[in-house]
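**Student:** sequence first, predicted model second:
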Amino acid sequence: MTDSTPRIGILGADGRMGRAVEAACEGRFDVAARITLANPDYESLSACDVVIDFSAASALVAALAYLKPGTALVSGTTGLSDTQEAVVSDAASRLPLLRSGNFSVGIAVLSALARQATATLGVGWDIEILEMHHRHKVDAPSGTALMLGDACAKGRDVSLATVAVQDRDGPRRDGDIGFAVLRGGGVYGNHEVRIVSESEMITLGHQALNRDVFAHGALSAADWLIGRAPGLYTMNDLIKT
């Protein structure tokens, strides 16, 4: 590594995604800090130019206090409480912070297409989002499914919180955005957005073929984010440049 090689910290380095990120760093980043459950050395993050986070909500919030102003933070952690969300959002006033439920460039494009499709089609079309992940995934629906749902809601100029349906009992209501969750085996991530009328259905989908796609996407986000002004960014910002 040269002196100009960015120094990276990995929050959740002992997890599946943390290990994949570290493996993908070779030749691109100098891994300066590895934060794990067994070694929560958050102070070592102060020496990093960028931090990639695939950990847990509590670990992410704890790490924020150790990041010096201007440190780039790429976070894929989902499932935060409202209080934790407020803490993370506040950190964007001093850090360039890119958050995403999925770091696949393909998913970013799918999200943009879903928003465009729902804005174009308008009322009279039902929206259902289907997702499947490996048996070990904790949160449901996935952060990616919620991100796609939010894109669809924005296409209709409504808040996802007001139209999301995760448990259905009875007939479907007009305007609902439904979520269906499947878990099994070692599936990396399959997502579909189905937009259905009385006479036709549009299906927009994405399948991750390996975990590397997320690791390399997160590192591409890190490359892009270093040196940016403080603020809250998404993968859509990256694909627009």
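**Tutor:** In hand now; what should we look at? Numbering: from 1, shown residues only.

**Student:** span of stretch 220-229 from start to end?
**Tutor:** Length of stretch 220-229, first residue to last, C-alpha to C-alpha, to the nearest Å: 17 Å.

**Student:** how about that stretch, which residues are buried there?
**Tutor:** 220, 221, 222, 223, 224, 225, 226 (16 or more other C-beta atoms under 10 Å). All C-beta spots, glycine's among them, are computed from the backbone N, C-alpha and C.

**Student:** now render the residues you listed as CSV, adding secondary structure and pLDDT.
**Tutor:** Converted to CSV, the buried residues of stretch 220-229 look like this (DSSP: H, G, I helix; E, B strand; the rest coil; pLDDT from 0 to 100):
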residue, secondary structure, pLDDT
220, helix, 94
221, helix, 95
222, helix, 96
223, helix, 94
224, helix, 95
225, helix, 97
226, coil, 96
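
**Student:** nearest to residue 136, out of those: which one, please.
**Tutor:** residue 221 (24.0 Å; C-beta to C-beta).

**Student:** list the contacts of the closest one.
**Tutor:** Residue 221 makes contacts with 74, 98, 100, 103, 235, 238, as judged by C-beta atoms under 8 Å, 6 or more residues apart in numbering.

**Student:** which non-adjacent residue is nearest the second one?
**Tutor:** Pointing back at residue 98 there. residue 233 (4.2 Å; C-beta to C-beta, 6 or more residues apart in numbering).

**Student:** count the neighbours of that neighbour for me.
**Tutor:** By other C-beta atoms under 10 Å, 21 other residues sit near residue 233.

**Student:** quick check, it in contact with residue 100.
**Tutor:** No - using C-beta atoms under 8 Å, residue 233 is not in contact with residue 100, being 9.1 Å away.

**Student:** now do the SS call for the residue nearest the centre of the chain.
**Tutor:** Residue closest to the average C-alpha location in the chain (C-alpha atoms, centre = their mean): residue 101, at 1.7 Å. The three-state assignment at residue 101 reads coil, by DSSP: H, G, I helix; E, B strand; the rest coil.

**Student:** next, the contact list for the nearest residue to it once chain neighbours are set aside, please.
**Tutor:** What sits nearest to residue 101 in space, not counting adjacent residues and going by C-beta to C-beta, 6+ apart, is residue 143, at 2.6 Å. The contact partners of residue 143, taken as C-beta under 8 Å, 6+ apart, are 76, 78, 79, 100, 101, 102.

**Student:** quick one: pLDDT of the residue nearest to residue 146 when sequence neighbours are not counted?
**Tutor:** Once flanking residues are discounted, residue 146 sits nearest to residue 101: 6.3 Å by C-beta to C-beta, 6+ apart. In the predicted model, residue 101 carries a pLDDT score of 82.

**Student:** equivalent analysis for residue 210, please.
**Tutor:** 85.

**Student:** how about residue 39?
**Tutor:** pLDDT, residue 39: 89.

**Student:** picking that back up, who wins on neighbours among the contacts of residue 221?
**Tutor:** Counting by other C-beta under 10 Å, top hit in the contacts of residue 221: residue 74 with 30 neighbours.

**Student:** what are the bridge partners for it, then?
**Tutor:** Applying DSSP bridges to residue 74 yields these beta-bridge partners: residue 52, residue 98.

**Student:** measure it to residue 148 for me?
**Tutor:** Separation of residue 74 from residue 148 (C-beta to C-beta, to the nearest Å) stands at 20 Å.

**Student:** cool, residue 35 as well?
**Tutor:** In terms of C-beta to C-beta, residue 35 sits 29 Å off from residue 148.

**Student:** which one's more surrounded, these two?
**Tutor:** For residue 35 versus residue 148, the count of surrounding residues by other C-beta under 10 Å is larger for residue 148: 32 against 26.

**Student:** if anything else comes up later, I'll come back, but that's it for now.
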